[in-house]
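Asks: coords please:
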Amino acid sequence: MVFGSVLAPIDRQGRVKVPLGFSGEVLPGAAVFVTADPRRRFLEVRSRAAFAALAVRVRAAAGGFAPEVAEALVTGYLGNAHEAVVDDALRIQLPGRFRDVAPGPEAVLVGVGEAVLVWDRPAFEAGKAERLRALAEAAAQVDPVLMDLVPYRAVDPRLA
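Replies: The predicted structure is shown next:
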């Protein structure tokens, strides 16, 4: 699992370089799946196992939606995924059909656990204030959930 964010170059061939300390399961020779966020804000990169788990969750959830929404989820989201292989330099070839989402030359990689989100840097920067505003507005709902998940209240006992 990978958490955090880091800047990464996208070369002219559309390959994003994953920094060594940020790679998680992204190892040379590993198969990964690349798909676009349904709103085409960023790309999602997952290991084969993480994508298989996601596919199970999406197909299960699709049954609770109207048929056209279920079809869009399964066909438009899962069916639009692209399998890529990580090369020896820890680069992932981004599919041509997704280049408009992350055209480069610089990306922000955001580790969110089982996935690495590949944002075009200008899009990431442009949306940062909105994401922080939304988190601040949701703080009353989010804080209790986060506090239940964290096994301690403060790292420094003097702050407890």
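Asks: contacting residues around the spatially closest residue to residue 70 that is not a sequence neighbour?
Replies: Of all residues not flanking residue 70 in the chain, residue 62 sits nearest, at 3.8 Å (CB to CB, 6 or more residues apart in numbering). For the C-beta atoms, the positions are set from N, CA and C on the backbone; glycine is no exception. Each residue near residue 62 by CB atoms under 8 Å, 6 or more residues apart in numbering is listed here: 69-70, 73-74.
Asks: and what of residue 47?
Replies: 25-26, 30-33, 114.
Asks: In a markdown table: those residues, plus pLDDT and secondary structure.
Replies: A markdown table is the format used below for the contacts of residue 47 (pLDDT from 0 to 100; DSSP: H, G, I helix; E, B strand; the rest coil):
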| residue | pLDDT | secondary structure |
| --- | --- | --- |
| 25 | 65 | coil |
| 26 | 73 | coil |
| 30 | 88 | coil |
| 31 | 92 | strand |
| 32 | 93 | strand |
| 33 | 95 | strand |
| 114 | 88 | coil |
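Asks: Compile the residues you listed into CSV and extend it with columns for neighbour count and distance to residue 11.
Replies: Compiled in CSV, these are given as follows (neighbours: other CB atoms under 10 Å; distance: CB to CB, whole Å):
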residue, neighbour count, distance to residue 11
25, 17, 22
26, 21, 16
30, 15, 19
31, 12, 21
32, 25, 17
33, 20, 21
114, 17, 26
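Asks: Which two among these are spaced furthest apart?
Replies: 31 and 114 (14.9 Å; CB to CB).
Asks: Not counting stretch 127-134 itself, show me its contacts.
Replies: Outside stretch 127-134, the residues that touch it by CB under 8 Å, 6+ apart are residue 41.
Asks: Kindly report the same for stretch 117-125.
Replies: So stretch 117-125 is in contact with 7-8, 16, 34, 37, 41-45, 94, 101-104, 106-111, going by CB under 8 Å, 6+ apart.
Asks: Just the buried residues of these.
Replies: 8, 16, 34, 42-45, 94, 101-102, 104, 106-111 (16 or more other CB atoms under 10 Å).
Asks: That's all I had, so thanks and see you.
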